[in-house]
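Peer 1: all I have is the shape, not the residue letters:
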């Protein structure tokens, strides 16, 4: 039921801006008051030029609690914005799997289409590579072949185009049409070939994609476009899949022609390779096992090494079809036992794959090379192990086959035998000293990983006894064998791994533990085993604590020689001191509240709280508990719109060009409030990280880039303005465009690890490089740290943001600052330029408070100081760890 008259009145007092901000920031109280009015349930509000509901915005930014409130109030979960976009579209595009799950559970239409492009949620999720969302939508029976109307692209086409391999594989598994063409006639295979995505091409071919399908505009084939762009490996892959190499475009160009035109000489032999056309009597007789005919033809001097178009020799065909007598006749006639087909297969390879033991033995006796690999890297031992041909495996091992020979993707015979559940083959390979810990390349998984994934208990036990590494994490998601077994409910395997001392505390890179995933999937027997194991670990920890505890400083110093260990200690100490994303958001919320208080007190909605207090991370370098460091302050922008006076073509802007911030006097209370007078501009200049050439290489999350674009487009929530500041020597002639709102947006979007990097860098600059107790070197300031942090976020791939890499990331950031300073250490740099501005492409950052006559000398000192800091980094980080205050201790104070 809705509220009484007073509550309805309070609901009506909430402005559109307030409710949108509440949906964005998770202000539950405001949302609940807003929903007390029935007319607000499905009401839409103007936002950035389009009408959306608060549910749209909450789904876009990933605010789970707000979405849950709207669902409980029975809001229309399929409500469409002014452009026809549903909340499910927004959540799918942003990759918010939990919100997608909530909306689907609330009966949201998974196949709803927007009104502009007629694209469904699955399409936008696939386009952006959000695997978990794609899986959730597929599970909810989303149409995997739903095409976007404007171009006709399907989810599979879109993910193939953008290189999202795991999404492609998920869609293939869900029976997506691999040959569904877009309006231009291009197929998913075509676009993957065009963009050079080898693994995706491989997946599509394995899914029986039509390799000869021609797009309708020019008549190009996948082979043609791959040859045009010089993708050698993809050309080989297509040729090996028996593609028609001479299919021509509408203008009569073949793949060989376009390769020559584009200057790809390496492709010439691949595309022009031809063998004598097949159909010879000896080939036919060998294939069909007519050994008497074969003998007559050999006596008549038939060429025993004659090959078909695809490269198969008579011996190959006989071995393939298990014709022993023909094989012996051909060996006797000196057939080349190592002659390879076009795709690199030999007679012993094909016989091993088919399990023809006696033929394999005959070829071994004839000195066939047992380690010769075909084009994908598969060896004879690999394919016999893959297919469980135990006797063939034993013969090849006896013939000195390399048991650790890896195919192109890093898979070994042991890996593939473990994957397919061939227990006896696994035992034979281990007895032959196969390496049980060799990892495949794509995911970094081991034989133990894959055996666990398949639920092969016997093989798991065999690998454990052979010394397989129990706690190894695969590199994509960070899963251990124990996590995989727990996820799938394999309680017997979990029991075996726990008895082998598997570490139950290791989490995936998303922070999920074996216990978490077992509980989520309702595998009670696994949960019981893990809880019992956890209890034993806790008992051991209690026993170990007696007389064996050491201080954080001591622990970190002993580990300083190891980046990984030091990273773990640093990450742990920062986390314990509150430097985590959730607490940073709480700090941001406090700043927003202060901003509202100031606006109401001063009756001025153009007051904006900015700087480190508002950005959430760096206004206290000891702990993040809501208290501001005594040496820090709170900056407030006053962006009141006023008439500007102009004289002789210049803006008359009173103030100080050297320092835009005016401190508030008359009180000894800390922190101080500094007012920054600002003059509004009509719009932002070009913002560098939002330019296409930067976006294409950027690792800044798309949602953050979108928010930055919104900030640039909006002149209400984040108005562009100039402040009284200038480059050195230009005071009175220049005003500086402020990017404080964009900096605030970037810092507020940092993950826990990125925030910890920023805090660590700020400590090193403020407390080590600039402090009188450190190197006592002036000129480098926190805004330089911000710029380096932003560059790290933009340039560092997501998979490198791991707690174990924290020290490496800090070192890389310092090296980035060092290199930038060094490159600007020139005689003509009189103004102390140190680096490029992150947001403004035509602007530089300068040393702070440095005399122009000393700038080159100071820059040189900064370069040498940064080099020293990098060399002494472990010891300095140990000091930083010692200076941190855990949250529980800060509360006690």
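Peer 2: That came through, no problem. Computed from a prediction, not measured in an experiment: that's the story for all the values here. Residues are numbered from 1 along each chain as shown.
Peer 1: ok, residues contacting whichever strand or helix holds residue 496?
Peer 2: Under the criterion of DSSP states H and E, residue 496 resides in helix 491-499. Identification of contacts with helix 491-499 by Cβ atoms under 8 Å, 6 or more residues apart in numbering yields 452, 455, 457, 460-461, 464, 470, 481-482, 485-486, 504, 514, 523, 525-526, 529-530, 533. All C-beta spots, glycine's among them, are computed from the backbone N, C-alpha and C.
Peer 1: just the buried residues of those.
Peer 2: 452, 455, 457, 460-461, 464, 470, 481-482, 485-486, 504, 514, 523, 526, 529-530, 533 (16 or more other Cβ atoms under 10 Å).
Peer 1: now, those that are in helices?
Peer 2: Among the buried ones among the contacts of helix 491-499, the residues falling in helices (DSSP state H) are 452, 457, 460-461, 464, 481-482, 485-486, 514, 526, 529-530, 533.
Peer 1: in CSV: these, plus pLDDT.
Peer 2: CSV is the format used below for these (pLDDT from 0 to 100):
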residue, pLDDT
452, 97
457, 97
460, 98
461, 97
464, 97
481, 98
482, 97
485, 97
486, 94
514, 86
526, 90
529, 90
530, 84
533, 84
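Peer 1: output those residues in a markdown table; the columns should cover distance to residue 684.
Peer 2: Putting these into a markdown table (distance: Cβ to Cβ, whole Å) gives the following:
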| residue | distance to residue 684 |
| --- | --- |
| 452 | 52 |
| 457 | 61 |
| 460 | 58 |
| 461 | 63 |
| 464 | 60 |
| 481 | 51 |
| 482 | 51 |
| 485 | 53 |
| 486 | 50 |
| 514 | 48 |
| 526 | 54 |
| 529 | 57 |
| 530 | 52 |
| 533 | 56 |
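Peer 1: just give me the closest of these to residue 134.
Peer 2: Set against residue 134, the nearest of those by Cβ to Cβ is residue 486 (23.4 Å).
Peer 1: show me the strands in this structure, by range?
Peer 2: 45-47, 50-52, 607-610, 633-638, 645-647, 650-652, 661-663, 672-680, 721-723, 736-738, 833-836, 844-846 (DSSP state E).
Peer 1: in JSON lines: these, plus mean neighbour count and mean pLDDT.
Peer 2: Shown next, in JSON lines, are the strands of the chain (neighbours: other Cβ atoms under 10 Å; pLDDT from 0 to 100):
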{"stretch": "strand 45-47", "mean neighbour count": "17", "mean pLDDT": "80"}
{"stretch": "strand 50-52", "mean neighbour count": "17", "mean pLDDT": "84"}
{"stretch": "strand 607-610", "mean neighbour count": "22", "mean pLDDT": "83"}
{"stretch": "strand 633-638", "mean neighbour count": "21", "mean pLDDT": "75"}
{"stretch": "strand 645-647", "mean neighbour count": "9", "mean pLDDT": "48"}
{"stretch": "strand 650-652", "mean neighbour count": "10", "mean pLDDT": "53"}
{"stretch": "strand 661-663", "mean neighbour count": "15", "mean pLDDT": "50"}
{"stretch": "strand 672-680", "mean neighbour count": "19", "mean pLDDT": "70"}
{"stretch": "strand 721-723", "mean neighbour count": "22", "mean pLDDT": "77"}
{"stretch": "strand 736-738", "mean neighbour count": "19", "mean pLDDT": "81"}
{"stretch": "strand 833-836", "mean neighbour count": "21", "mean pLDDT": "86"}
{"stretch": "strand 844-846", "mean neighbour count": "19", "mean pLDDT": "82"}
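Peer 1: closest one to residue 90 among those strands?
Peer 2: Of the strands of the chain, nearest to residue 90 by Cβ to Cβ is strand 50-52, at 8.5 Å.
Peer 1: what's in contact with that closest one?
Peer 2: Contact with strand 50-52 is made by 44, 45, 81, 82, 83, 85, as judged by Cβ under 8 Å, 6+ apart.
Peer 1: return the list of strands paired to it, each annotated with direction.
Peer 2: Strand 50-52 has the following strand partners under DSSP bridges: strand 45-47 (antiparallel).
Peer 1: please pull out the lowest mean pLDDT helix or strand from this structure.
Peer 2: Least confident helix or strand, the chain: helix 552-558 with a mean of 39, by mean pLDDT, DSSP states H and E.
Peer 1: residue 815: what's it in contact with?
Peer 2: residue 870.
Peer 1: let's see it at 6 Å
Peer 2: If you count contacts by Cβ atoms under 6 Å, 6 or more residues apart in numbering, residue 815 has none.
Peer 1: between helix 457-465 and the helix holding residue 496, find me the angle.
Peer 2: On the basis of axes from the mean of the first three to the mean of the last three Cα atoms, to 10 degrees, helix 491-499 is oriented at 10 degrees to helix 457-465.
Peer 1: tell me the buried residues in helix 491-499?
Peer 2: By 16+ other Cβ under 10 Å, the buried positions in helix 491-499 come out as 491, 493, 494, 495, 496, 497, 498.
Peer 1: ok, now stretch 195-206?
Peer 2: 195, 196, 197, 198, 200, 201, 202, 203, 204, 205.
Peer 1: thought the fifth one was touching residue 169?
Peer 2: No. At 8.7 Å, residue 200 and residue 169 do not qualify as touching, with contact defined as Cβ atoms under 6 Å.
Peer 1: against residue 835, how distant is residue 694?
Peer 2: Using Cβ to Cβ, to the nearest Å, residue 694 is found at 16 Å from residue 835.
Peer 1: helices of the stretch 151-300 of the chain, residue ranges please.
Peer 2: 155-161, 165-173, 188-195, 198-206, 222-228, 232-240, 255-262, 268-272, 281-288, 291-299 (DSSP state H, counting those that start in this stretch).
Peer 1: domain assignment for the chain?
Peer 2: Per automatic domain parsing, the structural domains of the chain span 179-273, 274-369, 581-883.
Peer 1: state the pLDDT value of residue 643.
Peer 2: Looking at residue 643, its pLDDT reads 54.
Peer 1: got it, and residue 807?
Peer 2: Here the pLDDT value assigned to residue 807 is 94.
Peer 1: I'd say it and residue 565 touch.
Peer 2: No. Under the criterion of Cβ under 6 Å, residue 807 makes no contact with residue 565, lying 9.2 Å away.
Peer 1: who's more crowded, those two?
Peer 2: Legend: neighbour count by other Cβ atoms under 10 Å for residue 807 and residue 565, higher for residue 807 (23 against 16).
Peer 1: for the more buried one, give me its contacts.
Peer 2: So residue 807 contacts 563, 566, 567 (Cβ under 6 Å, 6+ apart).
Peer 1: again, but for residue 399
Peer 2: By Cβ under 6 Å, 6+ apart, the contact set of residue 399 is 364, 370.
Peer 1: where does it land on pLDDT?
Peer 2: Residue 399 is assigned a predicted lDDT (pLDDT) of 96.
Peer 1: swap in residue 768?
Peer 2: With respect to pLDDT, residue 768 has a value of 83.
Peer 1: distance of it from residue 295?
Peer 2: 86 Å.
Peer 1: what of residue 687?
Peer 2: For residue 687 relative to residue 295 (Cβ to Cβ), the value is 80 Å.
Peer 1: what's the neighbour count on residue 192?
Peer 2: Around residue 192 sit 33 other residues, with neighbours defined as other Cβ under 10 Å.
Peer 1: quick one: pLDDT of it?
Peer 2: Looking at residue 192, its pLDDT stands at 98.
Peer 1: next one: residue 757
Peer 2: On pLDDT, residue 757 comes in at 95.
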